[in-house]
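A.B. asks: when you get a sec, could you give me coordinates for this:
(4 chains)
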Protein chains: 2
Amino acid sequence: MKMRDVARRAGVSPATVSRVLNGVPTVGEEHRRRVLRAIEELGYRPNRLASNLRRRKAETIGVVVSDIENPHFTQMVRAVEDAAYRRGYRVLLCNTDEEPEKQRSYLEVLADERVLGVILSPSDPRGAEISRLLDLGIPVVAFDRTVADPRADAVTVDNAGGVRLAARRLIAAGHEKIGFVGGSRSIETGAERLAGYEAAMLEAGLEPVSVEGGFRIEGGREAARRLLSEELTALIVGNNLMTIGALKALRERRVRVPNDVALVAVDDPFWAELVEPPLTTLAQPVRRMADCAMEMMLERISGERSEPRREIFGFELRVRGSCGTA
Amino acid sequence: MKMRDVARRAGVSPATVSRVLNGVPTVGEEHRRRVLRAIEELGYRPNRLASNLRRRKAETIGVVVSDIENPHFTQMVRAVEDAAYRRGYRVLLCNTDEEPEKQRSYLEVLADERVLGVILSPSDPRGAEISRLLDLGIPVVAFDRTVADPRADAVTVDNAGGVRLAARRLIAAGHEKIGFVGGSRSIETGAERLAGYEAAMLEAGLEPVSVEGGFRIEGGREAARRLLSEELTALIVGNNLMTIGALKALRERRVRVPNDVALVAVDDPFWAELVEPPLTTLAQPVRRMADCAMEMMLERISGERSEPRREIFGFELRVRGSCGTA
DNA sequence: CTGAAAGCGCTTACAG
DNA sequence: CTGAAAGCGCTTACAG
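C.D. replies: This is a model prediction of the structure:
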């Protein structure tokens, strides 16, 4: 069943049916009623594939993250889905596993699908496909990490400032040997968090000691192991996955937290309160950030803004047991 | 740029370009080469919206879960995305929050979008839209919970058997007062897990004591609180979210695990090993289940199977510290 | 306010 | 093996 069937039943043209369906205001009241009744009676649903082709776009939003199983991104995706649902948009989920090739491939897919916009936590911030999307008029909102193309919007956190804050707190509590389990230096958030740590150490006249953990569980474990041979009294871990690894390393060495080593973790996953002792964390306002990203995208879609917008959110230090100064 | 531009450049008809793109084998070698070169030179990408309309379907798979933030579903979605990506399909993410109305709405969207198939963890197993999808020839694979329409495939776990196993283990260890924090009785998995618990208790001549926690964190907390006034020596919790709640309840009452109360949890989220003591869990083989669901769907899409298929997986009891018999 | 007509960019049955 | 033509089911500029 298609529009012409509805039109026939309502005694109008398909064009009028289309207008009613799309809320075009110029339709006469009587016609509108007849059309709505015919739709009702026939149980008609418009064919989205046809309207997509005709309009040259799909009512869909692409979300590209490196790892949906990282609670940080799960939360973000959740918030985006929520906002999209409310507006009647669909969400296309794209997982890149931090592989530039997958990012490339997915961004091409999103361009091919003529999505309304893309929220992208880039694995490869200079991928040419980002510019291709923007060329096509598809708005891109960078999330967590910025992208090279200046036309993209961006929602980030003050990584350096946050970690600096955490380090200062430990320093103020008297710690001098503070280690840092960093992400990949080649990833923006990794570099910035490291920089924040180093800045705090240097300004206090202390020597920074950091090891790269690649933002993953196993990497965090190995990095923590290596740092533990340095006789540290405190440890800052650069994201929630590496924190899982670090906790494992601390346990296998029978290191007590916070007595032997005080701990502060970046990210505030739901399990931070479940472990013993509960973790002191640097929490990102993920929900607010995701809502902001969606808002930016909607501003672009509606055409009410054409200049790039960048928002930088602050971390919140949530002091719990693991840092020993609760 | 469209197909006719490629055709012109290659000196063939658009039909031939289409055939090359779709791997129709009857194209002459020379023509195929010319077409591929033209595509390359022009950087042509076919318009998916057009081919979707023409073929009356989108190369997309719908995944409908009640809560993407529940690690159980996150894992499932991840596995589905992975399999879909390998085959060049997209994934449309649908979150129902356990609301029948959202399920209804999303299933209509998926029908409108003419997806290739749907993997559905139903909030409302008898929703009429499930049958509508099947009427349209869109395969539906029920995940975790079955649906009313017998034409759907299903991948489930032996909920009753798993929980029974867990209960027996506690009974064998000498426990007599064992409580159960159940999900919603109205949800299939909730009812089955409860039944498994009750069966084990009754066959041992013990009295079952259960409270419903609605599968959510807060519900689990309150259910556990109520059960703790019953002088139990052991507790089984019906899913990972309620386990978070139960752990909180145990802590606020200063109950020691496993000395005061032994604990077994259904689901094996990644944080089960991080808490103190590590949790004894009933692990579902989520990844294998998701792969199986995808396989079922692909069998339907390719048309190699038309009879419904149901697979029931077994739980695995992972004994760690929390049950006191490690 | 409304309809007839063109067209979005592919795919495919048909004829050769 | 290949092309011309029809058609997927909408939307919208145009004319009235």
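
A.B. asks: for the residue of the stretch 201-326 of chain A found nearest DNA strand C, which non-adjacent residue is closest in space?
C.D. replies: Closest contact between the stretch 201-326 of chain A and DNA strand C, by C-beta to the nearest atom of the strand, is at A:I301 (19.6 Å). Where C-beta positions appear, they are placed from N, C-alpha and C, glycine not excepted. What sits nearest to A:I301 in space, not counting adjacent residues and going by C-beta to C-beta, 6 or more residues apart in numbering or on different chains, is A:L116, at 5.3 Å.

A.B. asks: touching, the one you found and A:N52? I think so.
C.D. replies: No: the pair A:L116 and A:N52 fails to qualify as a contact (C-beta atoms under 8 Å) at a distance of 11.0 Å.

A.B. asks: spit out the residues that contact these two alike.
C.D. replies: Shared contacts of A:L116 and A:N52 (C-beta atoms under 8 Å, 6 or more residues apart in numbering or on different chains): A:58-59.

A.B. asks: who are the packing partners of the helix or strand encompassing A:R78?
C.D. replies: Here A:R78, judged by DSSP states H and E, is contained in helix A:71-86. Using 3 or more C-beta pairs under 8 Å, 6 or more residues apart in numbering or on different chains; DSSP states H and E as the contact test, the elements touching helix A:71-86 are strand A:60-65, strand A:90-95, helix A:286-301, strand B:90-95.

A.B. asks: got a markdown table for these, with mean pLDDT too?
C.D. replies: A markdown table is the format used below for these (pLDDT from 0 to 100):
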| stretch | mean pLDDT |
| --- | --- |
| strand A:60-65 | 98 |
| strand A:90-95 | 98 |
| helix A:286-301 | 96 |
| strand B:90-95 | 98 |
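
A.B. asks: could you export these as TSV, including mean neighbour count?
C.D. replies: Rendered in TSV, the data for those read as follows (neighbours: other C-beta atoms under 10 Å in any protein chain shown):
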stretch	mean neighbour count
strand A:60-65	26
strand A:90-95	24
helix A:286-301	20
strand B:90-95	24
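
A.B. asks: Serialize those to JSON lines and add fields for distance to DNA strand D.
C.D. replies: Output for the helices and strands packed on helix A:71-86, formatted as JSON lines (distance: least, C-beta to the nearest atom of the strand, whole Å):
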{"stretch": "strand A:60-65", "distance to DNA strand D": "15"}
{"stretch": "strand A:90-95", "distance to DNA strand D": "16"}
{"stretch": "helix A:286-301", "distance to DNA strand D": "14"}
{"stretch": "strand B:90-95", "distance to DNA strand D": "19"}
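
A.B. asks: can you add distance to A:D135 and give those back as a markdown table?
C.D. replies: Putting the helices and strands packed on helix A:71-86 into a markdown table (distance: least, C-beta to C-beta, whole Å) gives the following:
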| stretch | distance to A:D135 |
| --- | --- |
| strand A:60-65 | 16 |
| strand A:90-95 | 19 |
| helix A:286-301 | 14 |
| strand B:90-95 | 22 |
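
A.B. asks: quick check: residues of the stretch 101-250 of chain A near DNA strand C?
C.D. replies: By the rule C-beta under 7 Å from any atom of the strand, no part of the stretch 101-250 of chain A lies against DNA strand C.

A.B. asks: with adjacent residues omitted, what lies nearest to the residue of the stretch 101-250 of chain A found nearest DNA strand D?
C.D. replies: Of the residues in the stretch 101-250 of chain A, the one nearest DNA strand D is A:R114, at a distance of 13.2 Å by C-beta to the nearest atom of the strand. In space, not counting the residues next to it along the chain, A:R114 is nearest to A:K57; the distance is 4.4 Å by C-beta to C-beta, 6+ apart.

A.B. asks: torsion angles phi and psi at the one you found?
C.D. replies: Per-residue torsions, A:K57: phi -160, psi 160 (degrees, to the nearest 10).

A.B. asks: could you do the one 10 residues further on as well?
C.D. replies: Backbone geometry at A:D67, expressed as degrees, to the nearest 10, gives phi -160, psi 100.

A.B. asks: show me the contacts for it.
C.D. replies: A:D67 makes contacts with A:73, A:95, A:97-98, as judged by C-beta under 8 Å, 6+ apart.

A.B. asks: now it: how far from B:D291?
C.D. replies: 19 Å (C-beta to C-beta, to the nearest Å).

A.B. asks: do the same with A:F215
C.D. replies: Here the distance between A:F215 and B:D291 works out to 26 Å (C-beta to C-beta).

A.B. asks: just the endpoints, please. Distance across stretch A:291-310?
C.D. replies: Across its full length, stretch A:291-310 reaches 14 Å between end residues, using C-alpha to C-alpha, to the nearest Å.

A.B. asks: just stretch A:262-282 next, same as before
C.D. replies: Using C-alpha to C-alpha, the gap from the first to the last residue of stretch A:262-282 comes to 14 Å.

A.B. asks: now do stretch A:312-324
C.D. replies: End-to-end distance of stretch A:312-324 (C-alpha to C-alpha): 29 Å.

A.B. asks: how about low-confidence regions in chain A?
C.D. replies: Within chain A, the stretches with pLDDT under 70 are A:326.

A.B. asks: what does the stretch 151-300 of chain A have sitting close to chain B?
C.D. replies: Proximity of the stretch 151-300 of chain A to chain B is confined to A:244, A:247-248, A:270-271, A:273-276 under the rule C-beta under 8 Å from any C-beta of the partner chain.

A.B. asks: closest to B:E129 among those?
C.D. replies: A:F270 (31.9 Å; C-beta to C-beta).
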